[in-house]
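1. Sequence and computational prediction follow.
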Protein chains: 4
Amino acid sequence: MSHTIQDKTKLLARVRRLRGQVDAIERALVAEAECGEVMHLVAAVRGAIGGLSHELIEDHLRSHVLDVEADEVARERAAAELLSVLRTYVK
Amino acid sequence: MSHTIQDKTKLLARVRRLRGQVDAIERALVAEAECGEVMHLVAAVRGAIGGLSHELIEDHLRSHVLDVEADEVARERAAAELLSVLRTYVK
Amino acid sequence: MSHTIQDKTKLLARVRRLRGQVDAIERALVAEAECGEVMHLVAAVRGAIGGLSHELIEDHLRSHVLDVEADEVARERAAAELLSVLRTYVK
Amino acid sequence: MSHTIQDKTKLLARVRRLRGQVDAIERALVAEAECGEVMHLVAAVRGAIGGLSHELIEDHLRSHVLDVEADEVARERAAAELLSVLRTYVK
């Protein structure tokens, strides 16, 4: 990572909310909630994952791909990492 | 839900693995792991969510939309619920 | 297909609009438009594809999976086809 | 764009294949092909759109976000454009 402390605090808060949402899916399954309700809880988690991922990508672009203090090779490596992650989203 | 006990056991196992993967993201952030590593952990959770969602959709189709013991209105309502969930995936 | 004529007319109109959008991407590339503009045109086509796909899925559910005049085997086969298509969206 | 001629030629070839795939959907609808077949043709177009989009994103990253001859402001603007496009994929 090596991003700012502020980024880290925001990301951790997001991940903890995400765990709370995963716990809610577990509780709904145990309580034998309606199928439609469980499917919507899962779709909401997917949305939260997308939001987390977009924030990580934004931080990575700003802190590594655009890093004016890094050399060209380091910036190209950071861009290659980004493209590798994007293969799972842009398809 | 009201699906089989067997479905429920499989789904709960999936959700618990998912929580383990979310915990791994938290640990990676706390340990200030490489940015690329965190992004790949998040992409893996998204894949796991997709798998869970596909399984729920399959169970819902089999148990509700195709339910030969339900009446036509109940099957149509189950199909409408499925379409509502699919709006978040098929877009 | 074997859906209604009304469905077919609507779907054909969607596909023709889609081709118009693909032609717009080609013109933008030939005219060496801004990169950001081309990327947004492509993202819009993806949205149009999602809309077309959702409509096909809805028609398929209504006309085949819920078909009260079909027998159970035909409805199950239609549901299996739907699940096979959903593998490319829900993942 | 302002990318290389080589990029442009490859991208145009992709867009023309894509139009051929869209034409195949139209022909399938007109011929009243099986519903499942049409849905799979549409899913294939979505995959082709994803491939085109990934290639555009890669070219944009290399030619604009990493452009060593551009100033910092231009590189940041190119990164902001990329993030704006990614909002439609990473969600």
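-> Sure, I can see it. Residues are numbered from 1 along each chain as shown, chains lettered A, B, ... in the order given.
2. Tell me which residues touch the residue nearest to A:Leu56 when sequence neighbours are not counted, please.
-> Distance criterion C-beta to C-beta, 6 or more residues apart in numbering or on different chains; nearest residue to A:Leu56, sequence neighbours excluded, is B:Met39 at 5.1 Å. C-beta coordinates here come from the backbone N, C-alpha and C atoms, glycine included. Residues near B:Met39 by C-beta atoms under 8 Å, 6 or more residues apart in numbering or on different chains: A:53, A:56-57, A:60, A:81-82, A:85.
3. May I ask which of those has the most neighbours?
-> Counting neighbours by other C-beta atoms under 10 Å in any protein chain shown, A:Leu56 comes out on top of the contacts of B:Met39 with 27 neighbours.
4. now for the one helix or strand A:Gly20 maps to, which elements pack on it?
-> Secondary structure assignment for A:Gly20, by DSSP states H and E: helix A:5-30. Using 3 or more C-beta pairs under 8 Å, 6 or more residues apart in numbering or on different chains; DSSP states H and E as the contact criterion, the neighbours of helix A:5-30 among helices and strands are helix A:35-60, helix B:5-30.
5. in the last one, what's buried?
-> In this case it means helix B:5-30. By 16 or more other C-beta atoms under 10 Å in any protein chain shown, the buried positions in helix B:5-30 come out as B:7-8, B:11, B:14-15, B:18-19, B:21-22, B:24-26, B:28-29.
6. Least confident of these?
-> Of all those, B:Asp7 carries the smallest pLDDT score, 87.
7. who's in contact with A:Val68?
-> With contacts taken as C-beta under 8 Å, 6+ apart, A:Val68 has the following neighbours: D:Glu72.
8. per-residue pLDDT, it?
-> Confidence per residue is given as pLDDT, and for A:Val68 that number is 93.
9. same thing with A:Ile5?
-> Taking A:Ile5 on its own, its pLDDT is 74.
10. So A:Ala33: helix, strand or coil?
-> coil (DSSP: H, G, I helix; E, B strand; the rest coil).
11. go on, A:Ala70?
-> Classification of A:Ala70 using three-state DSSP returns coil.
12. For it, grab phi and psi.
-> phi -90, psi 160 (degrees, to the nearest 10).
13. So what does A:His64 have for phi and psi?
-> Phi and psi for A:His64, reported as degrees, to the nearest 10, are phi -120, psi -50.
14. my bad, A:Tyr89
-> Backbone geometry at A:Tyr89, expressed as degrees, to the nearest 10, gives phi -110, psi -40.
15. That one touches A:Ser53, doesn't it?
-> Yes - using C-beta atoms under 8 Å, A:Tyr89 is in contact with A:Ser53, at 7.2 Å.
16. Overlap in contacts, the two.
-> Any residue near both A:Tyr89 and A:Ser53 by C-beta under 8 Å, 6+ apart counts here, and that gives B:43, D:90.
17. returning to that earlier point: between the contacts of B:Met39, which sits nearest D:His64?
-> Sorting the contacts of B:Met39 by how near they are to D:His64, with C-beta to C-beta, puts A:Leu82 at the top with 13.7 Å.
18. now for whichever strand or helix holds that closest one, which elements pack on it?
-> Secondary-structure assignment from DSSP H and E places A:Leu82 in helix A:72-86. Contact partners of helix A:72-86 among helices and strands, from 3+ C-beta pairs under 8 Å, 6+ apart: helix A:35-60, helix B:35-60, helix D:35-60.
19. Dump those helices to JSON lines, plus mean pLDDT and distance to A:Ala70.
-> Conversion of the helices and strands packed on helix A:72-86 to JSON lines gives the following (pLDDT from 0 to 100; distance: least, C-beta to C-beta, whole Å):
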{"stretch": "helix A:35-60", "mean pLDDT": "96", "distance to A:Ala70": "12"}
{"stretch": "helix B:35-60", "mean pLDDT": "96", "distance to A:Ala70": "13"}
{"stretch": "helix D:35-60", "mean pLDDT": "96", "distance to A:Ala70": "20"}
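20. Now render the ones you listed as JSON lines, adding distance to D:Arg75.
-> Compiled in JSON lines, the helices and strands packed on helix A:72-86 are given as follows (distance: least, C-beta to C-beta, whole Å):
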{"stretch": "helix A:35-60", "distance to D:Arg75": "15"}
{"stretch": "helix B:35-60", "distance to D:Arg75": "18"}
{"stretch": "helix D:35-60", "distance to D:Arg75": "11"}
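21. Which stretch among those helices approaches C:Glu34 most closely?
-> Of all these, the one in closest proximity to C:Glu34, counting by C-beta to C-beta, is helix D:35-60 (9.9 Å).
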